[in-house]
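Visitor: coordinates only, sequence not included:
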DNA sequence: CAGTATAGC
């Protein structure tokens, strides 16, 4: 029986060699094989849309917009017969539905390929009351969008009709007609801030709950409250999770039943280092390269190799070496008359330019005797699915950023992954046919790994989550229904932080300012900066910079061979930035980008500066959204000095940003801007010492300016302010600006001080 | 004079 209720099967680790206890084989899958996608022009950033469609390609969305109602229906019937009915979840529909109908909360373990995310919501769609909806949450935007597309096709409607989605910047749902809405968990949380009862929903399906993102954890905590209170009788919950976390969810919801549905993937054989291998420490990159060569030469042609390494540095190093030895190997194979494919190494990590990321999806020329070697971070573990992978080599390592509450800094550590991660990684080899996973550690080490990774909530800065709790009206945060509490210490420090930013009053209640901060889609510090800027006549420039800060990897790390040229170009372009620091540099770059007339010019400039064009498009989207929020927050905004003479802007024009330009748009008021930032980052300051080093104002610890900063070579700053403090080989200030000591005094007087 | 996983509003 595919469905097992009320318990999670225990796993026998002794079986691991040669047998994968987590997968079951299913035949006749050839029809589901993905078609190869070939890209002709990899330099075009506009192809990012294609990338979005490719990630999570299991749910690839065809477009049915032009089809008539009848055609939609016909198509849906066809999918039902040919595909849906074969899914394990569909085959166990009645049994699953019995459990869901009987229980307020059901935990469902659905393995990859079981069809849980697409089918379960459809089983429920016809039993939803008039005017009510089903919400299905996802941790990632692309997943929400592609699932909605797939399900709309299966249901036989246009996206945004009965089936829709809602993610940041993109809402395709209809308040009245949409019955089934896929959304990011962050989006549902935002809806929760507006309507504490989530009254429009009758079913909440929390998908990928085992990933334990902060936002999913918060949602589950709020849901528990709802089930015990106002929504006791008219709300049902389905938590979808991987095996290892299912027990936790079941216990959290008063021993809710656990259903287990098998997946449809191929078996993967796991190999570990032999026990006889020497204990001596070898270089990870070196052993990865050895393994790649070995696997490539010993395994039959056909099927690519996916390698997991902890970070960009290791990946770049490995790619460089593999590229160097690839032609040498090829020659030697030919000379020895060995039939071994040539290796084509490809890097994959988030900070890689979008065009280079796309290369991993490119199908190699079938006439050439080659094998792709993809060297990836854990971006390939959940976010990106690469077709054609048959072999996985796992270093067993990853990088984790850990927030130190008491120090207000984050540390970046390379740590062993969890058993859950190992299984997820090896599963990547069995998506299209049976595969093999080679682990660069011993079986004994595997057994001793933690069963799952530390959840986000206990290793991240929780000031924003705490602000959300306050906004939703949680009084006793320490004893709130935490799925996992971040701990008293973290909570107290986080609340102190909110208090010092003026979000909470002396009694710990949310202030008017705190209300506004909770509404802004930013970290509380940055919200505070924006609110301060509203009163200082420099909101436009500060908004530009804050929007830039909200985009990850806007400025790429240029490759070593062009690094000096790019750095010099950046330095030359930021005439104010090289004196005042990185924040002002961002403002200058923003202005330059916007000042260029045509898209080709903008792209050209981005290329030269090693900036992502797409990143800047996001900056502009975010800026527009922040501006809209600010308008909502401050009803008097239109009367504000900066908006006089402009009146109400006509909203039909996409470029209606004009109403937000301050009077001094040509001249950058450096002092005002940096003082605004000080209001959010007073604690992130350091004072210049006579020996030209810096010491933090809070603890007196030595701190160095990170080499990636414009301020790195500038030694005459009386003080510095930074938006990030990280500890790697030593304490580094990242994103650094020069400040005068008088500013520090002035702002510190204006900021409520704790202690 | 160093070198940063991933995701979300």
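Guide: Arrived safely. What you see is a predicted model; the values in this text were computed from it and never measured. Residues are numbered from 1 along each chain as shown, chains lettered A, B, ... in the order given.
Visitor: residues from the stretch 201-350 of chain A in reach of DNA strand B?
Guide: A:213-215, A:311-313, A:349-350 (CB under 7 Å from any atom of the strand). Where C-beta positions appear, they are placed from N, C-alpha and C, glycine not excepted.
Visitor: What remains of those if I keep only buried residues?
Guide: A:213-215, A:311-312, A:349 (16 or more other CB atoms under 10 Å).
Visitor: Greatest separation within the residues you listed: which pair is it?
Guide: Maximum pairwise distance in those, criterion CB to CB, is 25.8 Å, between A:215 and A:312.
Visitor: what about chain A, any weak spots by pLDDT?
Guide: A:1-65, A:277-281, A:635-666, A:750-755 (pLDDT under 70).
Visitor: Determine which residue lies closest to the centroid of it.
Guide: Geometric centre of chain A, nearest residue: residue A:140, 6.6 Å, by CA atoms, centre = their mean.
Visitor: Hmm, it is touching residue A:384, no?
Guide: No - in this structure residue A:140 lies outside contact range of residue A:384 using CB atoms under 8 Å: 10.4 Å.
Visitor: what residues does the stretch 651-755 of chain A put near DNA strand B?
Guide: Residues of the stretch 651-755 of chain A lying close to DNA strand B by CB under 7 Å from any atom of the strand are A:704, A:706-708, A:712-713, A:724, A:726, A:728-730, A:732, A:734.
Visitor: Looking at these, which one is closest to residue A:435?
Guide: Nearest to residue A:435 among these: residue A:728, at 35.1 Å, using CB to CB.
Visitor: coming back round to it: which among the buried ones among the residues of the stretch 201-350 of chain A next to DNA strand B gets closest to residue A:473?
Guide: If you rank these by distance to residue A:473 using CB to CB, residue A:215 comes first, at 18.2 Å.
Visitor: tell me the contacts of the closest one?
Guide: Each residue near residue A:215 by CB atoms under 8 Å, 6 or more residues apart in numbering is listed here: A:139, A:184-186, A:189.
Visitor: now that we have those residues, which one has the most neighbours?
Guide: The most crowded member of those, judged by other CB atoms under 10 Å, is residue A:185 (26 neighbours).
Visitor: And the residue nearest to the centre of chain A, how far from DNA strand B?
Guide: Residue A:140 sits 4 Å away from DNA strand B, going by CB to the nearest atom of the strand, to the nearest Å.
Visitor: what's the closest non-adjacent residue to that residue?
Guide: Spatial nearest neighbour of residue A:140, chain neighbours left out: residue A:383 (6.5 Å); criterion: CB to CB, 6 or more residues apart in numbering.
Visitor: Packing partners of the top helix by length along chain A?
Guide: For chain A, the helix with the greatest residue count under DSSP state H is helix A:312-335. Here helix A:312-335 touches helix A:284-298, strand A:342-348, strand A:370-376, going by 3 or more CB pairs under 8 Å, 6 or more residues apart in numbering; DSSP states H and E.
Visitor: Just name the most buried of these.
Guide: Mean neighbour count, computed with mean count of other CB atoms under 10 Å, is highest for strand A:370-376 among those, reaching a mean of 24.
Visitor: Mind listing the strands it pairs with, and their directions?
Guide: Take DSSP bridges as the rule and strand A:370-376 pairs in its sheet with strand A:304-308 (parallel), strand A:342-348 (parallel).
Visitor: relative to helix A:284-298, how tilted is the shortest one?
Guide: Looking back up the chat, that one is strand A:304-308. Angle, strand A:304-308 to helix A:284-298, by axes from the mean of the first three to the mean of the last three CA atoms, to 10 degrees: 160 degrees.
Visitor: buried residues in stretch A:678-692?
Guide: Under the neighbour-count criterion of 16+ other CB under 10 Å, stretch A:678-692 has A:678-688 buried.
Visitor: ok, which stretches of the stretch 651-755 of chain A are strands?
Guide: Along the stretch 651-755 of chain A, counting by DSSP state E, counting those that start in this stretch, strands occupy A:685-688, A:694-696, A:702-705, A:719-727, A:731-739.
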